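In: One predicted model, sequence on top.
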Number of protein chains: 2
Amino acid sequence: AILAAIQFHITGGVDGPLAGKKVVITAGPTFEPLDPVRGLTNRSSGRQGYAIAEKLVRDGADVTLISGPVALPTPVGVTRLDVDTAQDMFDAVHAQLPCDVFVGVAAVADWRAKDIASEKQKKTTDNELSITFVKNPDILEAVSKHLDLRPRLVIGFAAETQKLEDYAKAKLASKGCDAIVANDVSTGVFGSNSNAATLVDLDGFTPIAGQTKADIADFLSTYIQKRIS
Amino acid sequence: AILAAIQFHITGGVDGPLAGKKVVITAGPTFEPLDPVRGLTNRSSGRQGYAIAEKLVRDGADVTLISGPVALPTPVGVTRLDVDTAQDMFDAVHAQLPCDVFVGVAAVADWRAKDIASEKQKKTTDNELSITFVKNPDILEAVSKHLDLRPRLVIGFAAETQKLEDYAKAKLASKGCDAIVANDVSTGVFGSNSNAATLVDLDGFTPIAGQTKADIADFLSTYIQKRIS
């Protein structure tokens, strides 16, 4: 941590190319409770979002990282806010507006339980259980279409197991964001240090060179600098 | 890790009071997939099971730790097997029988999705989603009632938010195990280093002194030594 703090001051920090820019990043999974113990989540480790936060703060940005439950240390210089549910994340993001750049990396649950049991539910003798879910608010879309406080640049992530580029292009259009980083998660990316990704924006598709989450963070920092300078 | 390895040899290890005893421990949550990305889990951090594994191996036991997805290092001297689902954990436990002692600390999901989608499910325009779950096998009960390979001592854990001792006593009877450690999880025990617990066996209730998960591990090691020596 001491070494990281020294590197932070040597390699950029407040004097970097993103100095003076406020960036809000979401990372990790959300946890949607079913009762006081159980919940719905996903395999996101948070590593990609944390790698981006680390890179952007080193390049001088003022970074707020809104994080679901993960087992990762906070990068030096980053302001971290912990949340559990998609609704909490939605509220925390909106409380951070206005900002210059929003990067939504979190794997936000689309659904939450319609009713959350106040006590841990006991097993019954029934052999089946049915749970009804209702839609969560869409954070990326809400930020992209914000009437008063839309950031200058809004970037989303799309984790897909098939038709990567088709879905990313459709997501770009429907959410109203400026760019989507499309990740192929069919080959075990979640929880690993590497990704295989493509950036989709109005100019088309740009394959991201490099295999690690740090490579994608480097690519995004350069992209952000180009788009908002 | 080096210090731990030295301590392991100094303070017990192969020469301790549990030398020659094979112990199988489950720890952590399970993860029941809904599709390649999402799943049902719970707030168990795995710390209690790992603390017990660490203590028992230091007291000389041959410890196999069957662990759900957690962010914890493997205690020195422990054999660790990683699993995701309750069914995988059930199979891994049975593959370890016979053993002298089984300690089921994992927060095993009672239910799994009836159908697991092979591709990540897309949001639809519907406002509600219903998922049907079916029962998982009961690992503690299966081990306790195993016809040929029942361990000499079977200990379970019960995480409850209400009527702690009533439920623990009922669980002891219905599962057929020898003791239940009942945890009150209504006050934020999951993910913390402390617990408030009571041991229930045929002799009645024994409050466990001490506040930390290491205290509970110490108590259990003494209990196990008394019961199987």
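Out: Great, that's in hand. Residues are numbered from 1 along each chain as shown, chains lettered A, B, ... in the order given.
In: Only C-alpha atoms from now on, for both contacts and neighbour counts.
Out: Will do.
In: Provide the count of other residues in contact range of residue A:202.
Out: For residue A:202, the neighbour count with other Cα atoms under 10 Å in any protein chain shown is 11.
In: What's the first helix or strand after the helix-or-strand element of chain A with minimal mean pLDDT?
Out: Taking mean pLDDT, DSSP states H and E as the measure, chain A has helix A:2-11 as its least confident helix or strand, at a mean of 59. Following helix A:2-11 in sequence order, the next helix or strand is strand A:22-27 (DSSP states H and E).
In: Spell out which parts of chain A neighbour chain B.
Out: By Cα under 8 Å from any Cα of the partner chain, the residues of chain A that approach chain B are A:36-43, A:71, A:110-111, A:119-120, A:123, A:127-135, A:160-162, A:186.
In: Could you pick out which of these are located in strands?
Out: Those of the residues of chain A next to chain B mapping onto strands are A:38-42, A:111, A:128-135, A:160, per DSSP state E.
In: Narrow those residues to those that are buried.
Out: By neighbour count, with 16 or more other Cα atoms under 10 Å in any protein chain shown, those hold A:38-42, A:111, A:129, A:133-135, A:160 as buried.
In: Just list the residues touching the residue nearest the centre of chain A, thanks.
Out: By Cα atoms, centre = their mean, chain A has its centre lying nearest to residue A:105, at 1.7 Å. Residues in contact with residue A:105, defined by Cα atoms under 8 Å, 6 or more residues apart in numbering or on different chains, are A:25-28, A:48-49, A:156-157.
In: give me that answer again for 7 Å
Out: Neighbour list for residue A:105: A:25-27, A:49, A:156-157 [criterion: Cα atoms under 7 Å, 6 or more residues apart in numbering or on different chains].
In: Highest neighbour count among the residues you listed?
Out: Most surrounded of the contacts of residue A:105: other Cα under 10 Å gives residue A:26, at 31 neighbours.
In: In terms of pLDDT, where does the residue nearest to residue A:200 when sequence neighbours are not counted sit?
Out: Closest residue to residue A:200 in three dimensions, ignoring its sequence neighbours and counting by Cα to Cα, 6 or more residues apart in numbering or on different chains: residue A:180, at 5.1 Å. We have a pLDDT of 95 for residue A:180.
In: can you check residue A:185 too?
Out: On the pLDDT scale, residue A:185 gets 68.
In: do residue A:125 as well
Out: 64.
In: do you know how far the residue nearest to the centre of chain A is from chain B?
Out: 14 Å (Cα to the nearest Cα, to the nearest Å).
In: what about that residue, distance to residue A:159?
Out: From residue A:105 across to residue A:159, the span is 10 Å (Cα to Cα, to the nearest Å).
In: How about residue A:15?
Out: 33 Å.
In: between the two, who's got more neighbours?
Out: More crowded of residue A:15 and residue A:159, by other Cα under 10 Å: residue A:159, with 22 against 15.
In: ok, and what's touching the helix or strand containing residue A:167?
Out: Assessed by DSSP H and E, residue A:167 sits inside helix A:164-175. Applying Cα under 7 Å, 6+ apart, the contact partners of helix A:164-175 are A:140-141, A:144, A:158, A:178-180, A:182, A:184, A:200.
In: Sort out which residues of stretch A:198-213 are buried, please.
Out: So stretch A:198-213, judged by 16+ other Cα under 10 Å, has buried residues A:198-201, A:205, A:208, A:212-213.
In: whoops, stretch A:171-184 was the one
Out: Neighbour-count burial for stretch A:171-184, counted by 16+ other Cα under 10 Å, picks out A:171-172, A:175-184.
In: what's the answer for stretch A:85-102, then?
Out: For stretch A:85-102, a neighbour-count test (16+ other Cα under 10 Å) marks A:85-87, A:89-90, A:92-94, A:97-102 as buried.
In: In the buried ones among the ones in strands among the residues of chain A next to chain B, find the pair that's most separated.
Out: Maximum pairwise distance in those, criterion Cα to Cα, is 28.4 Å, between A:129 and A:160.
In: Show me the shaky parts of chain A.
Out: Along chain A, the parts satisfying pLDDT under 70 run over A:1-14, A:119-125, A:185-195.
In: for it, what's the longest helix?
Out: Counting residues, the longest helix found in chain A (DSSP state H) is helix A:213-228.
In: same for that one, what does it pack against?
Out: Packing partners of helix A:213-228 (3 or more Cα pairs under 7 Å, 6 or more residues apart in numbering or on different chains; DSSP states H and E): helix A:47-58.
In: so what strands line up beside whichever helix or strand comes after the helix it packs on?
Out: Per DSSP H and E, the first helix or strand lying C-terminal to helix A:47-58 is strand A:62-67. Its sheet considered, strand A:62-67 pairs with strand A:22-27 (parallel), strand A:79-82 (parallel) by DSSP bridges.
In: report the angle between the axes of strand A:62-67 and helix A:47-58?
Out: 160 degrees (axes from the mean of the first three to the mean of the last three Cα atoms, to 10 degrees).
In: Can I get strand A:62-67 in PDB, CA atoms only?
Out: Taking C-alpha atoms only, strand A:62-67 is exported to PDB below (Å, rounded to 0.1, in the frame of the first residue of the first chain):
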ATOM      1  CA  ASP A  62     -11.200  12.400  -9.200                       C
ATOM      2  CA  VAL A  63     -12.600   8.800  -9.000                       C
ATOM      3  CA  THR A  64     -15.600   7.600  -6.900                       C
ATOM      4  CA  LEU A  65     -16.100   3.900  -7.000                       C
ATOM      5  CA  ILE A  66     -19.500   2.600  -6.100                       C
ATOM      6  CA  SER A  67     -19.000  -1.100  -5.300                       C
END
